[in-house]
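In: show me the folded form of this:
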Amino acid sequence: MRAIFIDFDGVLHPAGGPAGSCLPFEWLSDLAAILSSHPAIRIVVHSSWHLTYPHEEIREFLSALSAHEIDIVGPGEKLQAITAYRSAHPEIERGLVIDDEPSEFPAGFPLQVVACDPATGISCQHVKSQVTAWLDHTNTHPSGC
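Out: Coordinates of the predicted model:
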């Protein structure tokens, strides 16, 4: 089993900016397109939204990913919540974190972290390439967006 741990703000829509300046989840279709040929990927939400919204509502937000199992980390900061989730789910052999705050994941963190620019998130071609490479088990060479 493989899992992608995903943040919302700065990944599936821009982070920051004036209220109403972007549509929530405006880049969800980008992620859905990337995952379309990889149905056996579990999506695990580590966004702080899970502290505000009920789990069923979080799953509804991600309805475009309904072909995938969607789960949500438990309480705690991102690093601790992801680590605890992985410990509780040994069936996850490989994991990927997509986040706009890579500094929250120290060197030596056991999962690959794909860093998004909070203004472009997963809509950035470089980010899409990194996620696709992870899905396809190939290596990429970092470059910015």
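In: low pLDDT regions in the chain?
Out: Counting by pLDDT under 70, the chain contains low-confidence ranges at 17-21, 138-145.
In: give me the neighbour count for residue 85.
Out: 20 (other CB atoms under 10 Å). Backbone N, C-alpha and C define where each C-beta goes, glycine included.
In: now what about stretch 1-9, what contacts it?
Out: Contacts to stretch 1-9, defined as CB atoms under 8 Å, 6 or more residues apart in numbering, come from residues 12, 15, 24-25, 31, 35, 40-49, 61, 73, 78, 82, 85, 89, 91-101, 111, 118, 131.
In: residues of that stretch that come out buried?
Out: Applying a neighbour-count criterion of 16 or more other CB atoms under 10 Å, one finds 3, 4, 5, 6, 7, 8, 9 buried in stretch 1-9.
In: span of stretch 106-121 from start to end?
Out: Across stretch 106-121, the terminal residues are separated by 20 Å (CA to CA, to the nearest Å).
In: what's the offset of that stretch from the middle of its chain?
Out: Per CA atoms, centre = their mean, to the nearest Å, the displacement of stretch 106-121 from the mean C-alpha position of its chain is 9 Å.
In: which residues of this protein fall in helices?
Out: Listed in chain order, the helices of the chain (DSSP state H) span residues 28-35, 55-61, 78-88, 125-136.
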